[in-house]
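# here is a sequence together with a model predicted from it:
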Amino acid sequence: MNTSEAQQTPDVEALVRKAVTRWRSEPTGLLQVLREVQEALNYIPPQALSLIARLLRQPLSRVRGIAGFYSFLSIEPWGRYRVLFSDNVTDRMQGSERLLAEMCHRLWVEPGKASEDGLVSVATTSCTGLCDQGPGMLVNGRALGRLTSERVEQVCGLILHSVPLADWPVELFVVDDNVRRPDALLGHGLEPGDPIRAALRRGVEGQFEQAANERSWREGYVGAALGPVAVLEEVKRSNLRGRGGAGFTTGIKWEACRHATGSARYVICNADEGEPGTFKDRVLLASHADLLFDGMTVAAYAVGAGRGFLYLRGEYRYLLDHLQAVLKRRRDANLLGDTICNQPGFDFDIEIHVGAGSYVCGEESALIESLEGKRGVPRNRPPFPVTAGYLQQPTIVNNVETLCAAALIAVRGGDWYRSIGTLKSAGTKILSVAGDCERPGIYEYPFGVTLRQVLEDCGAINTQAVQVSGPSGSCVDETEFERRIAFEDLPTAGAFTIFDASRDMFEVAHAYTQFFAHESCGFCTPCRAGTSMLMHSMAKIRDGNGTLHDLREIARLNRVLLMSAHCGLGHTACNPILDTMKKFRPMYERRLAARDFAPAFDLDAALSRARQMTGRDDPGAHLENSA
Ligand SMILES: Cc1cc2nc3c(=O)[nH]c(=O)nc-3n(C[C@H](O)[C@H](O)[C@H](O)COP(=O)(O)O)c2cc1C
Ligand code: SF4
């Protein structure tokens with residue numbers, strides 16, 4: 001039974017000491033220690049903060065700063081049952097706001113606050129990655145989808161009777177994969193370890209002598225074993241590009257890391273999947289974890305890394321036990337650990353770190369900061385992670401899907417992979433299809449598929465728009481449905497959110513603006529202030545107080561953010577408004593109070609006393625006539 005639900009008086013010191021020991025008393029474990037204490041106690045009490053600071057040899061102010069940065073951590077108690085409703089636009093479309101109100105009513109709690117007896121708190125969080133089976137929510141980190149009034153009533157009953165989460169009906173926690181269209185990757189048919197064995201074979205079959213292979217494969221680029229180089233060449237030949245959003249060529253990234261000088265190299269899998277509307281990594285983690293870990297191990301072999309990390313978003317905490325079990329099985333099968341597959345010197349292992357509710361931690365340098373136990377603030381770049389990443393050592397950061405594709409390439413070869421897709425976009429892309437369609441779920445296509453084809457396959461009718469790649473991507477209208485999913489046309493990290501003609505695209509953009517304001521990490525002023533100004537401008541327009549001036553201001557703000565924001569979050573924050581304003585302009589205009597600038601303060605009227613005192617009331621003494 002979870003300590004927090006059982007209401008026992010916990011031994012805070014013992015708990016903290018155990019967590020600190022589990023994370024080897026290293027400062028890099030700070031976030032993980034805080035997260036584990038939070039999970040056990042519902043909050044991080046002052047004595048825990050002090051003890052953690054002492055044991056990890058960190059200033060208390062730093063420990064507090066980290067606890068304050070991540071939205072899943074709190075220094076105030078939450079309810080013993082912590083309910084977080086997923087607040088993506090698709091959850092709202094499926095009635096999440098009404099269900100949240102129903103739950104608060106049944107439990108007698110105010111949204112965002114713990115009940116007086118400390119039993120429960122109900123609040124919202126950004127997209128939980130259950131868009132294909134929403135509305136969704138998390139209860140003490142466990143995911144529940146397909147919420148209805150009946151489900152909410154059932155959950156309220158369990159909470160009011162203090163039933164431990166472990167005893168809740170299992171069907172409440174079923175999360176389906178919903179794979180509707182598998183292709184080369186989802187239908188891979190490989191056994192655990194196949195990609196590693198294939199990578200090792202590629203080395204042996206390489207053009208260089210076997211003797212070279214017997215030298216330590218991690219000696220560095222010059223004089224290194226030639227197996228890894230053969231694997232690297234294969235990945236380069238495949239023209240695989242990153243699936244996390246930026247589309248960087250994977251082979252080139254790996255090669256740069258291999259060439260970089262450092263005392264150690266690292267492989268990081270980015271499983272932060274925070275872009276609203278994206279849930280394909282959830283499915284890969286849940287049902288293809290072996291392929292992913294094979295991909296990470298092949299990457300480690302190619303770049304010469306001895307240690308890897310999987311950064312799992314906090315919202316997917318419920319997948320942790322399963323992933324740990326897969327890692328253990330792989331260690332037992334000699335697919336991880338020392339002398340992998342009996343290859344002398346091939347030592348590599350993977351550790352899982354769980355995030356704590358911060359979208360910006362998906363940005364690779366912020367992710368590395370978070371892995372080092374710090375606040376997830378993006379670094380200045382250059383230097384890039386390939387030369388100065390985790391602990392300033394050469395590091396590759398790749399998306400879950402990219403690493404799975406690399407595993408496939410190790411087995412089937414670069415030429416095979418390149419033969420799928422388009423000229424500039426090799427392979428397949430997994431789409432997270434949600435919103436207004438009959439069959440939401442996971443669809444894998446060769447690159448080059450048209451939007452119209454996807455819409456047909458998922459049973460979308462009367463579609464007016466698709467948000468491709470989430471709020472930071474593009475909103476396309478029906479005149480563009482012949483466009484293709486490809487780096488050369490519509491690149492995407494995976495989200496494919498459909499809106500039919502009944503939807504108000506202004507409200508969609510408004511919801512996305514709230515998301516950016518909530519997720520800005522606050523490090524740089526243009527983004528911190530700009531995203532909040534955007535949210536207020538949208539609220540002003542929604543309330544019927546906006547003017548054309550506000551629309552012009554948004555365009556101006558976009559230029560400021562593009563020029564001066566520190567990371568991609570700030571650069572893309574205006575995208576949803578600009579796209580919808582261009583393509584669905586009437587939805588904005590009909591809300592405007594006036595088409596011209598209407599000042600909140602009438603300066604000319606305020607100057608009337610000055611005119612009286614100077615005895616002037618000629619036209620030149622009025623503002624509209626002054627130059
Ligand atoms: C605000 C922000 C959030 C991001 N979130 C993710 C994410 O959740 N998952 C991901 O793989 N990449 C994310 N990225 C992109 C990463 O910075 C990085 O480009 C990616 O992990 C590289 O992997 P790839 O080359 O395999 O695509 C994000 C970028 C930004 C600016
Ligand atoms: S742009 Fe926004 S999210 Fe990125 S560093 Fe600046 S404040 Fe943080």
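It's in. Small disclaimer: the values here were computed from a predicted structure and weren't measured. Numbers count the residues shown, from 1 in each chain. Ligands and ions are numbered 1, 2, ... in the order given.

# contacts, neighbours, all on C-alpha from now
Will do.

# the host helix or strand of Y301 close to ligand 1?
Element membership of Y301, judged by DSSP states H and E, is helix 289-303. No - with CA under 6 Å from any ligand atom as the measure, helix 289-303 is seen stopping short of ligand 1, the closest distance being 11.3 Å.

# any idea of the mean pLDDT in that helix?
Averaging pLDDT along helix 289-303 gives 98.

# do the same with stretch 178-191
97.

# repeat for stretch 547-554
So the average pLDDT for stretch 547-554 ends up being 91.

# circling back to that earlier point, please save the CA atoms from the helix holding Y301 in PDB.
Output of helix 289-303 as PDB, limited to C-alpha atoms (Å, rounded to 0.1, in the frame of the first residue of the first chain):
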ATOM      1  CA  ALA A 289      10.800  -1.400 -25.000                       C
ATOM      2  CA  ASP A 290      13.300  -4.100 -26.100                       C
ATOM      3  CA  LEU A 291      13.600  -2.500 -29.500                       C
ATOM      4  CA  LEU A 292      14.300   0.900 -27.900                       C
ATOM      5  CA  PHE A 293      16.900  -0.500 -25.500                       C
ATOM      6  CA  ASP A 294      18.400  -2.400 -28.500                       C
ATOM      7  CA  GLY A 295      18.600   0.900 -30.300                       C
ATOM      8  CA  MET A 296      20.300   2.600 -27.300                       C
ATOM      9  CA  THR A 297      22.800  -0.200 -27.100                       C
ATOM     10  CA  VAL A 298      23.600  -0.100 -30.800                       C
ATOM     11  CA  ALA A 299      24.000   3.700 -30.400                       C
ATOM     12  CA  ALA A 300      26.400   3.100 -27.500                       C
ATOM     13  CA  TYR A 301      28.400   0.600 -29.600                       C
ATOM     14  CA  ALA A 302      28.600   3.100 -32.400                       C
ATOM     15  CA  VAL A 303      29.700   6.100 -30.400                       C
END
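
# the helix or strand following it vs helix 289-303, what angle?
Note on helix 289-303: by DSSP H and E, the next helix or strand toward the C-terminus is strand 307-312. Inter-element angle recorded for strand 307-312 and helix 289-303: 140 degrees (by axes from the mean of the first three to the mean of the last three CA atoms, to 10 degrees).

# for strand 307-312, which outside residues touch it?
Here strand 307-312 makes contact (CA atoms under 8 Å, 6 or more residues apart in numbering) with 265-272, 296, 300, 348-355, 367, 371.

# now the buried members of those.
Neighbour counting by 16 or more other CA atoms under 10 Å classes 265-272, 296, 300, 348-350, 352-355, 367, 371 among those as buried.

# circling back to that earlier point, what helices and strands are in contact with the helix holding Y301?
Helix 289-303 sits against helix 194-205, helix 226-238, helix 250-259, strand 266-271, strand 307-312, helix 320-332, helix 400-412, with contacts defined as 3 or more CA pairs under 8 Å, 6 or more residues apart in numbering; DSSP states H and E.

# and the ones you listed, which is most packed in?
Of all the helices and strands packed on helix 289-303, strand 266-271 has the most neighbours on average by mean count of other CA atoms under 10 Å, namely a mean of 28.

# wait, does that strand make contact with ligand 1?
Yes - applying CA under 6 Å from any ligand atom, one finds strand 266-271 touching ligand 1 at 270-271.

# the inter-axis angle of that strand versus strand 307-312?
Using the same axes, to 10 degrees, strand 266-271 lies at 10 degrees relative to strand 307-312.

# angle of strand 266-271 against helix 400-412?
Using the same axes, to 10 degrees: strand 266-271 against helix 400-412 is 120 degrees.

# now the angle between strand 307-312 and the helix or strand just after strand 266-271, please.
Helices and strands here follow DSSP H and E; after strand 266-271, the next one along the chain is helix 280-287. Interaxial angle of helix 280-287 relative to strand 307-312 (the same axes, to 10 degrees): 110 degrees.

# now the strands: where do they sit in the stretch 101-250 of the chain?
120-125, 137-139, 142-144, 179-181 (DSSP state E, counting those that start in this stretch).

# show me which residues of this structure are close to ligand 1?
Near ligand 1, when you scan the chain using CA under 6 Å from any ligand atom, you find 242-248, 270-275, 360, 362-364, 397-399, 402, 567-569.

# same thing but at 5 Å, please
Neighbours of ligand 1 within the chain, by CA under 5 Å from any ligand atom: 242-244, 270, 272-274, 360, 362-364, 398-399, 402, 568-569.

# out of those, what pair is the most spread apart?
T402 and L569 (21.3 Å; CA to CA).

# if we can go back for a sec, deepest-packed of the strands of the stretch 101-250 of the chain, please.
By mean count of other CA under 10 Å, those have strand 137-139 as the most buried, with a mean of 24.

# what strands flank it, and is each parallel or antiparallel?
strand 81-86 (antiparallel), strand 142-144 (antiparallel) (DSSP bridges).

# can I get those in JSON lines with mean pLDDT?
Below are those laid out as JSON lines (pLDDT from 0 to 100):
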{"stretch": "strand 81-86", "mean pLDDT": "97"}
{"stretch": "strand 142-144", "mean pLDDT": "96"}
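
# now for these, which one comes closest to A289?
strand 142-144 (18.7 Å).

# need the residues that contact the closest one.
So strand 142-144 is contacted by 136-138, 172-175, 315-318 (CA under 8 Å, 6+ apart).

# same question, stretch 468-475
Under CA under 8 Å, 6+ apart, the answer for stretch 468-475 is 275-278, 465-467, 476, 490-497, 512, 569, 572-573, 575-576, 579-580.

# right, is that stretch up against ligand 2?
No - Stretch 468-475 does not reach ligand 2 (CA under 5 Å from any ligand atom); its nearest approach is 12.3 Å.

# what about that stretch, start to end distance?
In stretch 468-475, first residue to last residue: 6 Å (CA to CA, to the nearest Å).

# what of stretch 351-364?
17 Å.

# does any bit of it sit next to ligand 2?
No - applying CA under 5 Å from any ligand atom, one finds stretch 351-364 separated from ligand 2 by no less than 5.8 Å.

# low pLDDT regions in this protein?
The model of the chain has pLDDT under 70 over residues 1-9, 203-226, 594-604, 606, 623-627.

# the top strand by length along it: which residues count as buried?
Criterion DSSP state E: the longest strand present in the chain is strand 428-435. Within strand 428-435, the residues that qualify as buried by neighbour count (16+ other CA under 10 Å) are 428-435.

# report the buried members of the residues of the chain next to ligand 1.
242-244, 270, 272-274, 360, 362-364, 398-399, 402, 569.
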